[in-house]
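Colleague: Model the structure of this input:
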Amino acid sequence: TLIIICLGILAYGYIFHTKNTTSDLPQIIGYNLPFALLFWAIFYSVVGQKQGIKKSFMSFMAIYGSFIASDLISQQQKEKEASIMLAEILKSYNVLISSVTNGSREQYIDISAFDTIPKAKGVYGEVEHFTKTLLIKIAKFRNEYQKEVDDINIDTLLDPTRLRQDKDLRESKLLIHKAKDVVDKYRALSYKLLEDSRLDIISLKISDDQKKIMLRGYDRTLIESRKIMDVIWGLEYNIILEAEKIIDLLSKKKGAWLIKNNEIIFKHDNDMTAFNNHLIAIQIMAHKQEEIRKDGMLKIYKNLLPPLSDAVSN
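Modeller: Got it, this is the predicted structure:
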């Protein structure tokens, strides 16, 4: 009976993990003492009363030692599963950030490079699955936005061949209008994505305490994410406004520019200077956008990991 109890205690620590969150041996010894006393008292009242003092003491030490060993095994398992979880999240994160920060606005993210199947077990696997699923949602969101941008052909706005055919610049103004609508649409959807992901945490199969810790961490990350997204979407909209200024310039200076050798040529230097200044402004904002996106993703990742680790360790 004693052997079965001890093996059961060890198996519990290996499979289910203990509630203790420390790996400090003195604290583990103190933490497990009341549990050992309780189990030994039950064991003693059922089968151990006829044993002598020596055997009773030995049975208590066996149970106490099993609890300590179970806790140590549990801590090792927790550390192992936590390492697997964080490594898997980092792998998916690297796929996303390498695509988002490669300087190419037109490149689509390869969704097949992501994997939502958790490699960690238990609560660690639950949190891993949630985080990897969130990263895939972000990747799909970016692809959908890029597709709508591509569908309206906004990149052809200043294409000399297209401009030559767009005599009254009506098509150009329509492109600008469509681009503004797309940015407004996806700006709102990006905020909704963050809010919906917060609700997903509530449905996770983890304890209420773990959810509270994750939600606190996610809320801090949410605030940071909103600030970053505000800046990025603001720049995206300002890029379109700058492009609109170019179309306005071409419209006002009709007859003062022409298409020659597949280039836009102005008759007056000050018009050419204004045109180039708008292009430079667009390039500066696009570069700034990429830098903020890169720094922002790193900042969000660093802010997100601690609450994930804290949640699953409780």
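Colleague: Give me the residue ranges of the stretch 51-200 of the chain where confidence is low.
Modeller: Per-residue confidence for the stretch 51-200 of the chain (pLDDT under 70) gives these ranges: 51-76, 99-106.
Colleague: Show me where it has its helices.
Modeller: Secondary structure of the stretch 51-200 of the chain (DSSP state H, counting those that start in this stretch): helices at 53-100, 122-151, 160-165, 170-202.
Colleague: just checking, what packs against the shortest one?
Modeller: Right, helix 160-165. Applying 3 or more CB pairs under 8 Å, 6 or more residues apart in numbering; DSSP states H and E, one finds that helix 160-165 makes contact with strand 257-260, strand 263-266. Just so you know, the C-beta spots here come from the backbone N, C-alpha and C atoms, and that holds for glycine as well.
Colleague: and for that helix, what are the contacting residues?
Modeller: Helix 160-165 is contacted from outside by 156, 169, 171, 172, 250, 259, 262, 263, 264, using CB atoms under 8 Å, 6 or more residues apart in numbering.
Colleague: Quick check: buried residues in that helix?
Modeller: Residues residue 163 are the ones in helix 160-165 that count as buried (16 or more other CB atoms under 10 Å).
Colleague: Can I get it in PDB? Just the C-alpha atoms.
Modeller: Provided in PDB are the C-alpha atoms of helix 160-165 (Å, rounded to 0.1, in the frame of the first residue of the first chain):
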ATOM      1  CA  PRO A 160       3.700  57.000 -66.900                       C
ATOM      2  CA  THR A 161       1.900  54.600 -69.200                       C
ATOM      3  CA  ARG A 162      -1.300  54.700 -67.000                       C
ATOM      4  CA  LEU A 163      -1.100  58.500 -66.600                       C
ATOM      5  CA  ARG A 164      -0.800  58.900 -70.400                       C
ATOM      6  CA  GLN A 165      -4.100  57.200 -70.800                       C
END
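Colleague: how much space between residue 85 and residue 117?
Modeller: Distance of residue 85 to residue 117, given as CB to CB, to the nearest Å: 13 Å.
Colleague: My error: substitute residue 147 in the last question.
Modeller: 26 Å.
Colleague: Ok, residue 165 next?
Modeller: 50 Å.
Colleague: before we move on, what about residue 272?
Modeller: 57 Å.
Colleague: quick one: which of the two has more around it?
Modeller: Legend: neighbour count by other CB atoms under 10 Å for residue 272 and residue 117, higher for residue 272 (15 against 9).
Colleague: Which strand or helix spans the more buried one?
Modeller: According to DSSP states H and E, residue 272 maps onto helix 269-312.
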